[in-house]
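> Curious how this folds, go ahead:
(chains A and B)
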Amino acid sequence: MEKPTKQETLYCHRCKVPLEPKKTFFKYLGHSFHTDIPTCPKCGLVYISESLAKGRMAQVEQELEDK
Amino acid sequence: MPAILRHTYSLCPVCQKKLGAAYIKRDHVLYLEKTCPDHGLFRVPVWNFKISGEAWRYLEPELATAPPCPDACGLCSEHRQDTCCVVLEVTKRCNLACRYCFADGGEGSDVPFTDLEHAFQDLYTQGKTLVQLSGGEPTLRNDLPEIILAAKRAGLPYVQLNTNGLCLAEDPSYAATLADAGLSFVFLQFDGLNPEIYETLRGRALLEIKKKAIDHCEAVGLGVTLVVTVVQGVNDDHLGDILRFAWENSPTIRGVNFQPVSYFGRIPDQKEFPSRLTLDVLASEIERQTMGVILAKNLFPAKNDHPLCGFHGDFVVTASGLPQALSRPAAACACGKGLVSAVNKREFLAKRWQRKPTSPSVLDTSQSHDLFDLDYFAKRVQSHGFTITAIAFQDAGNLDLERLKHCRLHVYDHGRMVPFCAHYYTPWRDV
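Numbers count the residues shown, from 1 in each chain, chains lettered A, B, ... in the order given. So this is what the prediction gives:
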C-alpha cells in the first residue's frame, strides 16, 4: 500500500476512529529515532506506510548496519 | 611461556621459499614467526594488545596445505574474496621523490591510452566498478581528463584519483576539469599538519599545497579522503591533529585512511621492523590523541577482509562539528550476516567518499539539528558521513598467505586482478 494522499483519512480498524500524526520512536542497532506516524488516539496502534518502510527507514537501517 | 595461536604459511623474505609460519604470543606481543633453512628466523610483531584482540581473531579453520599464493595470483580459484576496489596505474612518472613510496614511482613511462580504454572495458565487463587511478602521479598525464572520461564512457560509475595534490593545488581550474570529466572522489596523500613531516617523508614542505588542493576540490564539490602514511617517530603522534583537521573540513573531507608503513616499494631500512605500528596501537592512539572523541571500540575489523588487514569506523559529523559513531560495538554483530560482500563494501565506500550536494536543512544553523529526527539524520549522514579506515599492508616480513586469500583490493595488471600486497611485494635484499 502506498502512502495515502492528503485527501484520504486513515481509520483504526479496531477503534473506528481516524488516525492522528504522533511523534513515534524507533530503535535500531543501538540508535533511537523519531518521526510523525499516523497513530490511533484510542489504542495507540501505528500505521507505517510502505513508502516510509522502504524509503527513509530502510535508508537509515542501511546507514547503521556494519560494513 | 610462548603460546602458538595459529598456524599459517608465508614466504622467506629473502629467497621467497614457501614456509610454514605461526602466530605466537610472547610476553604480551603477538608475532608472526617463520624460519627459512637458509636465512634463519623472522619474527615480526602483528599485535601489541593495546586493545582486545578477540574481535580481530580469524576464526576459519587453519589451512591444511600451503596455498598457491602468490605464484597463482591473478586471481585463482582459491581466492576467497571478490574485488572491492581496483588500482590501475596510469603512469610510473612522479613529481615527488618521496623517501617512502609503496609504488616506487618516479621515473618511467605512461600506460598507452588505448590500453587504459581496454582495461576500463574489461573492468566493466567483470563488474568491477570502482577504479582508482594511481601511479606514479596520475595528474602528470595531460590526458587525465580524457582517461576519466574513457572510464565513465566504459560504464564505470566510480573513478577515484590517488594523488599527491600538487597539480590540484597549482591550477584552481584543474579540479573543475577533472570533476567535469566525471571524477568521483579524491584520495589525497596527507601526512600531517606539521611541515617537517612532509620534509621527512616527501622531501619538501607540502602542507600549504595540500590545503590549497583541498580548497580547490571543495570549490567544485569533489570529496577528498586523506591518506596518511603513518611512520613511527615521524607522524604517529599527529593522528589526532589529522583527524581534527579532517572533521573540521567535513563535508569536503570525507574521512581519513591510515596506512601504517610496511616494508615494500621504496621504503628505507627494513631492519626497523621490530618497531612496527600495529593496528591495535593505531586504534588506541587514535582514541588517546582525539581525547576520546573517537573511541577504539568504534573501529572494527572489516568484515570482508582478513581481520588483521585493517579497520573501519563509520561516523557522522554533527552540527556541533564533532563526529558521532554510527556503528556501535553492541550493534556490530546484530545483523548476523557474517561476511559483507565486496560489492556491498564498494557501494558503501563510494557513498561515503563521494560528496553529495548538501540540502539547506542540514546546514541551516537557525534550525534545530536533532539527530534523533529520522529525516534530518538520513540527510545529515548522506551529506556529512565520515569514515576512519586503516589498511595494514603486508610485506615480506609479515606476509600471511591466508590473509592474502582474503584480499579485496586488487591491482589491474595486464588483465589480471592481483591482490595489492602480492603485486607490490618486494623481496628484502638482506636482513
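> Let me know the pLDDT of the residue in the stretch 101-250 of chain B positioned nearest to chain A.
Ranked by CB to the nearest CB, the top residue of the stretch 101-250 of chain B for proximity to chain A is residue B:130, at 14.1 Å. In short, each C-beta sits where N, CA and C put it, glycine included. In this model, residue B:130 is scored at 96, pLDDT.
> Quick one: residues contacting it.
Contacts for residue B:130 (CB atoms under 8 Å, 6 or more residues apart in numbering or on different chains) come out as B:84, B:85, B:86, B:156, B:157, B:158, B:160, B:346, B:349, B:350.
> near chain A, from the residues you listed?
Counting by CB under 8 Å from any CB of the partner chain, residue B:349 from the contacts of residue B:130 sit close to chain A.
> re the thing from before, for the residue of the stretch 101-250 of chain B closest to chain A, give its distance to residue B:410.
With the distance defined as CB to CB, to the nearest Å, residue B:130 ends up 11 Å from residue B:410.
> One more: residue B:232?
Residue B:232 is 28 Å from residue B:410, by CB to CB.
> Look at those two and report which has more neighbours.
residue B:410 (27 against 14; other CB atoms under 10 Å in any protein chain shown).
> For the more buried one, report the pLDDT, please.
pLDDT for residue B:410: 96.
> what does residue B:312 give?
pLDDT, residue B:312: 94.
> doesn't residue B:391 make contact with it?
No - the pair residue B:312 / residue B:391 is not scored as a contact, 9.7 Å apart, by CB atoms under 8 Å.
> Which residue lies nearest the spatial centre of chain A?
Centroid-nearest residue in chain A, with CA atoms, centre = their mean: residue A:48, separated by 3.3 Å.
> Contact partners for it?
A:37, A:57.
> Go again with 6 Å.
Applying CB atoms under 6 Å, 6 or more residues apart in numbering or on different chains to residue A:48 gives no contacts.
> From residue B:375, how far off is it?
To residue B:375, residue A:48 is 15 Å away according to CB to CB.
> Show the average pLDDT along stretch B:163-173.
The average of the pLDDT scores along stretch B:163-173 is 97.
> What residues of it count as buried?
B:163, B:164, B:165, B:166, B:167, B:168, B:169 (16 or more other CB atoms under 10 Å in any protein chain shown).
> okay, the strand or helix carrying residue B:208 in CSV with CA atoms only?
Using DSSP states H and E, residue B:208 sits in helix B:207-219. Extracted C-alpha coordinates of helix B:207-219, given in CSV (Å, rounded to 0.1, in the frame of the first residue of the first chain):
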residue,chain,number,x,y,z
LEU,B,207,51.3,21.4,3.9
GLU,B,208,50.1,24.6,2.3
ILE,B,209,50.0,22.9,-1.1
LYS,B,210,47.8,20.1,0.4
LYS,B,211,45.5,22.7,1.9
LYS,B,212,45.2,24.5,-1.4
ALA,B,213,44.4,21.3,-3.2
ILE,B,214,41.6,20.6,-0.7
ASP,B,215,40.3,24.2,-1.2
HIS,B,216,40.2,23.6,-5.0
CYS,B,217,38.3,20.3,-4.6
GLU,B,218,35.9,22.0,-2.2
ALA,B,219,35.1,24.7,-4.8
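> So what touches it?
Residues from elsewhere that reach helix B:207-219 (CB under 6 Å, 6+ apart): B:165, B:168, B:169, B:172, B:175, B:186, B:190, B:195, B:224, B:252.
> List, out of the residues you listed, those positioned next to chain A.
Applying CB under 6 Å from any CB of the partner chain to the contacts of helix B:207-219, one finds that nothing falls near chain A.
> now the helices for chain A?
A:50-52, A:58-64 (DSSP state H).
> Look through the stretch 151-300 of chain B and state the residue closest to chain A.
Nearest to chain A in the stretch 151-300 of chain B, going by CB to the nearest CB, is residue B:300, at a distance of 6.6 Å.
> Now the residue of the stretch 101-250 of chain B closest to chain A: closest residue in space that isn't a chain neighbour?
Counting by CB to CB, 6 or more residues apart in numbering or on different chains, residue B:158 is the residue found nearest to residue B:130 once chain neighbours are left out, at 4.1 Å.
> Just confirm the one you found contacts residue B:348, I think it does.
No - with contact defined as CB atoms under 6 Å, residue B:158 does not count as touching residue B:348 (11.6 Å).
> Write out the residues of chain A neighbouring chain B.
By CB under 6 Å from any CB, the residues of chain A that approach chain B are A:29-30, A:33-35, A:56, A:59-60, A:63-67.
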